[in-house]
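Asker: Below are the sequence and a predicted model for it; my questions follow.
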Amino acid sequence: MSDLMGLIYTGEKGEHMGDLTSLRDVAAVPVGARYRAIDFVLSSLVSSGARNVGVIMQKNYHSLIDHLGSGKEWDLHGKRQGLVILPPYQTPDNIGVYSGLLDAIRSNQIFLRRSREGHVLVTDSSMLYTAEFDKMLAQHIKTEADITLMYSTNQGLKRNGSGHYLRLDEEGRVCELENAPMLPRFENVYMEAFLIRRDLLIELTDRAVSRAQYHFTRELLQQAIREKSLSIYGWRNENPAWRLDSVQAYYNCSMSLLTPEIRAQLFRPHHPIWTKMRDEMPTRYAADSKVSNSLLADGCVIEGTVENSIIFRGVHVMKGAVVRNAVIMQDGYVMPGAHVEGYILDKQVTVRDGVTLCAPPTYPVVIAKGTLV
Amino acid sequence: MIRKKKCVAMLLAGGQGSRLGVLTQQMAKPAVPFGGKYRIIDFPLSNCANSGIDTVGVLTQYRPLELNAYIGSGAPWDLDVSQGGVYVLPPYHTGKTGEWYRGTANAIYQNIPFIQQFDPDYVLVLSGDHIYKMDYAAMLRHHIEHNADATIAVRPVPWEEASRFGIMNTDENGNITEFEEKPKNPKSNNASMGVYVFTWKKLYEHLVRDENTPGSSNDFGKNIIPNMLADGCVLTAYNFNDYWKDVGTIESLWEANMDLLTFPLPIDLHDKKWRVYARNFGSGPQYIADTARVSDSLVTEGCSVSGTVKHSVLSTGVTVEAGAQVTDSVIMPGAVIKADAVVLRAIVAENAVVEPGAVVGEPTGNIAVVGQNVTVHAGQKVAAGVQLEQ
């Protein structure tokens, strides 16, 4: 029985992924040929032994609920525990739109109070990553930390003017935190995920919100680090990670999955990434198909050419069509003679005969869900 | 209190399937992988789910471990319901009388108490060695409309093969007048598909009577059906003309896999309204490398292809390294075809390894088979028709 539970915060503001997030939350963005972004952290929690996971939702959470269902695919549909969906609701305590993570946690305090696990892993969904949370918990207990912050030294996660950056001392204690500096000075990128004792989380959020503090990192955390009022450690996650904060970032993340080393780290035999099943048949490659350096899901029919691309479930690339450096989401249809290069086609996009869509890899373009081009 | 069920399905999954040779050395025939991500049993189980039959007894006997693990709670086929669902029914001891299943009819006979707890009106008897999509609910309606005691699904087979099957001769109303098991001179080419609907009361009577007949083979085809005919029961034929393939032999299993490589598909597995479900193991997407050449093939999740794959089926988690050539073959889950190995007209079973430079199969002749977990060593040649075992 694991002493770890998870709390995933979705629906944070400041997403700039264009049409990819106009109708869905960033946690629900399709990624990696057959997943949605939330699958990675959810599967990591399950692999780390967590059996009680709450998902805080706001705004456009329809596709997220549709995706998660009862949590069955992640083995989170137990009687004693499982997946708990926490949509916004209006009561005197909960105004439905959260001012920040602290506000969201306090509004869902009942869930935390009813849980039995000693420790909570809280993460937002602005990054795509996998993690061995069990190792993080082991360090958290060993160091007797109040809070352990997950960080990465992956410099691809740095952004000028946004993000949080940490300075650690030799023992791994966090002694400085920068909030959205124009030029980040520290190498350690905070991954917006932390581990804390459940009772302490309830106490801290209650205290902070009662003093009109709503932001965990830039208010509570920064103050605690400055005043040394809590023992805060860092835990380094060495797995690949991506910040999903722009169309370009999404595209780069997708393309990096074509690298064998990245895939080997992401899809490991004993840490499967679970997702909602579609029960598609295997993908069919016709006699004239030409596919190279691409990642494909099941249920596709490939009759044309596919190069350096990510192809989701149920995509049909017809004879004479060319797909290059592209991402084509679920049930896309590329008709004969069409040419798609450097584009991201959201779900159910059809590109008609002879149409050419061409964008440079440095400026990928999104076509919204269901569009007929 | 168990709710009454209109129809309970009994799936005969106990046979050894000895004609599949090394492929069934470690597992029962219904557990044999098929079509990249399926196992044979996925087809009857998915048919049940799609036909609205939610209570299925799976009769196991020979090497049930892999099959039991695969079926699990029945969740992949929506058979994890609280009233009914899927039940694995092995033979068991009852003090002095415990025994193995002696025949198909005896297997059902021994499970009469299981069936009776659902108080069904009808029992559907299925076998676990065919690839087909069939609406059992439509067959049940046919049975009810014809006031039949038994309905047998039949399909036309080529006349020259008719003597290999159980042949049904019918009158103008579709009622069965004669049943001939593997006749030398068949009078019709309507072969039994091994799919039966029985009115439970009638079947119960005949199962008990057959059990008390000394010397009976306790078999549906040999005993129950002929006895019901002799007894004046109403037996109707239910015609089925869609894709149906027996996969009881190495050659037919290979052929059925190859059938999935034709455009258009002879059996539509893309159909969203009639999904064929399978257990999923959380593998990643398939990766086709820039050195790969994949054509005319079926590739599924977890595969990594860097070599040349022509007219073949690759199952979950298969690796084909650069320089390897796979042609006209079926590669089962987890197998690895290493660099510069050649696999031609062959079936490579689960987790087998074909080492660099090894050659499996030949351009003509029978299908070569590499058994489960077997390693074909570098430089080794496996000739056509050879079955390599551990």
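Answerer: That came in fine, so what should we check first? Residues are numbered from 1 along each chain as shown, chains lettered A, B, ... in the order given.

Asker: What is the neighbour count of the residue in the stretch 1-150 of chain B that chain A sits nearest to?
Answerer: Closest to chain A within the stretch 1-150 of chain B is residue B:36: 3.7 Å, counting by CB to the nearest CB. Yep, even glycine has a C-beta here, placed from its N, CA and C like the rest. Residue B:36 has 30 neighbours, counted by other CB atoms under 10 Å in any protein chain shown.

Asker: for the chain, what spans make up the helices?
Answerer: Here I'm looking at chain A. With helices called from DSSP state H, chain A shows them at A:38-47, A:62-68, A:101-107, A:109-114, A:133-142, A:198-210, A:222-227, A:247-256, A:260-266.

Asker: To clarify, I was referring to chain B.
Answerer: B:42-51, B:65-71, B:104-109, B:112-116, B:136-145, B:200-211, B:225-230, B:250-259.

Asker: any idea which of the ones you listed scores lowest on pLDDT?
Answerer: For the helices of chain B, mean pLDDT drops lowest on helix B:65-71, to a mean of 87.

Asker: got the buried residues for it?
Answerer: By 16 or more other CB atoms under 10 Å in any protein chain shown, the buried positions in helix B:65-71 come out as B:66, B:67, B:70, B:71.

Asker: Same list (these) but as TSV, adding distance to chain A.
Answerer: Shown next, in TSV, are the buried residues of helix B:65-71 (distance: CB to the nearest CB, whole Å):
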residue	distance to chain A
B:66	19
B:67	20
B:70	15
B:71	16
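
Asker: what sits against the residue of the stretch 1-150 of chain B closest to chain A?
Answerer: Listed by CB atoms under 8 Å, 6 or more residues apart in numbering or on different chains, the contact set of residue B:36 reads A:281, A:282, B:260, B:298, B:299, B:300, B:313, B:314, B:315, B:316.

Asker: backbone phi and psi for the last one, please?
Answerer: Per-residue torsions, residue B:316: phi -50, psi 130 (degrees, to the nearest 10).

Asker: quick one, what contacts it?
Answerer: B:36, B:37, B:281, B:283, B:300, B:301, B:302, B:303, B:333, B:334.

Asker: What lies in contact with stretch B:358-369?
Answerer: By CB under 8 Å, 6+ apart, stretch B:358-369 touches B:21-23, B:250-251, B:254, B:329, B:338, B:341-349, B:354, B:370, B:376-388.

Asker: With stretch A:196-209 instead?
Answerer: Stretch A:196-209 has contacts (CB under 8 Å, 6+ apart) with A:5, A:102-103, A:105-106, A:109, A:112-113, A:115, A:117-120, A:122, A:146-148, A:214, A:219-220.

Asker: how about a cut-off of 7 Å?
Answerer: With contact meaning CB atoms under 7 Å, 6 or more residues apart in numbering or on different chains, stretch A:196-209 is reached by A:102-103, A:105-106, A:109, A:112-113, A:115, A:117-120, A:122, A:146-147, A:219-220.

Asker: just stretch B:219-238 next, same as before
Answerer: B:103-105, B:125, B:139, B:142-143, B:146-154, B:166, B:168, B:170, B:174-176, B:179, B:181, B:190, B:192, B:196, B:202, B:206, B:210, B:216-217.

Asker: From those residues, list the ones also adjacent to chain A.
Answerer: Among the contacts of stretch B:219-238, not one lies near chain A by CB under 7 Å from any CB of the partner chain.

Asker: Now, of those residues, which are buried?
Answerer: Using 16+ other CB under 10 Å, the buried ones in these are B:103-105, B:125, B:139, B:142-143, B:146, B:148-154, B:166, B:168, B:170, B:174, B:176, B:179, B:190, B:192, B:196, B:202, B:206, B:210, B:216.

Asker: List the contacts of the nearest residue to residue B:171 once chain neighbours are set aside.
Answerer: Counting by CB to CB, 6 or more residues apart in numbering or on different chains, residue B:171 lies nearest to residue B:177, which is 5.3 Å off, once chain neighbours are set aside. Applying CB under 7 Å, 6+ apart, we find residue B:177 in contact with B:169, B:170, B:171.

Asker: Now do residue B:177 against chain A, distance only.
Answerer: The gap separating residue B:177 from chain A is 41 Å, by CB to the nearest CB, to the nearest Å.

Asker: so what's the residue in chain A positioned nearest to chain B up against?
Answerer: At 3.0 Å from chain B, residue A:272 is the closest residue in chain A, using CB to the nearest CB. By CB under 7 Å, 6+ apart, the contact set of residue A:272 is A:43, B:282.
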